[in-house]
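> How does the following fold in three dimensions:
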Amino acid sequence: MKSALNELTARHEREDAERRSRDWAVVLSMPEGRRLLQHVVSLSGLYLVHTSSDGLELATGRRNLGAELRAEALAAAPEDAALAETEAVAEAKERSAAIAEAMRKDREARGESSIFGSLLNRGEKQEETTNG
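The predicted structure is shown next:
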């Protein structure tokens with residue numbers, strides 16, 4: 001025998017899932033929504049590898065939440081969810097290049113030609129203080 005409560009609960013769950021799917025589609029249609037998704041998934045630690053059992057339960061729970069959010073987003077708006085990841089990777093590459101350029105400028109300002117020059121200069125300075 002079907003329960004009225006069970007039927008109502010099932011209907012509410014279906015309605016909620018459909019609403020969330022529509023919400024994801026709207027959110028992921030905007031660059032701000034895609035960035036926010038990537039931020040939340042990143043906070044969850046989904047892309048990290050845990051090598052220690054310290055805090056493993058918490059890390060696993062956070063990671064599972066990130067995986068659920070990502071899966072919902074992919075189901076609701078696969079193209080936009082994939083675009084969110086592509087944009088995040090592109091931004092990370094841009095930032096990495098900017099960091100490398102800033103490091104190069106800093107080395108240049110110190111009169112060092114490369115990271116290896118920096119290490120050599122440190123060695124020479126250490127030698128001068130030791131021998132001096």
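> Give me the residues contacting the helix or strand containing residue 26.
Element membership for residue 26, per DSSP states H and E: helix 4-28. Applying Cβ atoms under 8 Å, 6 or more residues apart in numbering, the external contacts of helix 4-28 come out as 33-34, 36-37, 72-73, 75-77, 80-81, 83-84. Backbone N, C-alpha and C define where each C-beta goes, glycine included.
> With stretch 91-102 instead?
Nothing outside stretch 91-102 qualifies as a contact, by Cβ under 8 Å, 6+ apart.
> per-residue confidence averaged over that stretch?
Averaged over stretch 91-102, pLDDT sits at 89.
> Now do it: distance to the chain's middle.
16 Å (Cα atoms, centre = their mean, to the nearest Å).
> in it, what's buried?
Across stretch 91-102, burial judged by 16 or more other Cβ atoms under 10 Å covers no residue at all.
> rewinding a little: so which of the contacts of helix 4-28 are in helices?
33, 34, 36, 37, 72, 73, 75, 76, 80, 81, 83, 84 (DSSP state H).
> Find the residue at the geometric middle of the chain.
residue 42 (3.1 Å; Cα atoms, centre = their mean).
> how far is stretch 74-90 from where the chain is centred?
That offset, for stretch 74-90, works out to 12 Å (Cα atoms, centre = their mean).
> who's in contact with that stretch?
By Cβ under 8 Å, 6+ apart, stretch 74-90 touches 20-25, 28-29, 31, 33-35, 37-38, 42, 70, 73.
> ok, now with 7 Å
Identification of contacts with stretch 74-90 by Cβ atoms under 7 Å, 6 or more residues apart in numbering yields 21, 24, 25, 28, 29, 34, 37, 38, 73.
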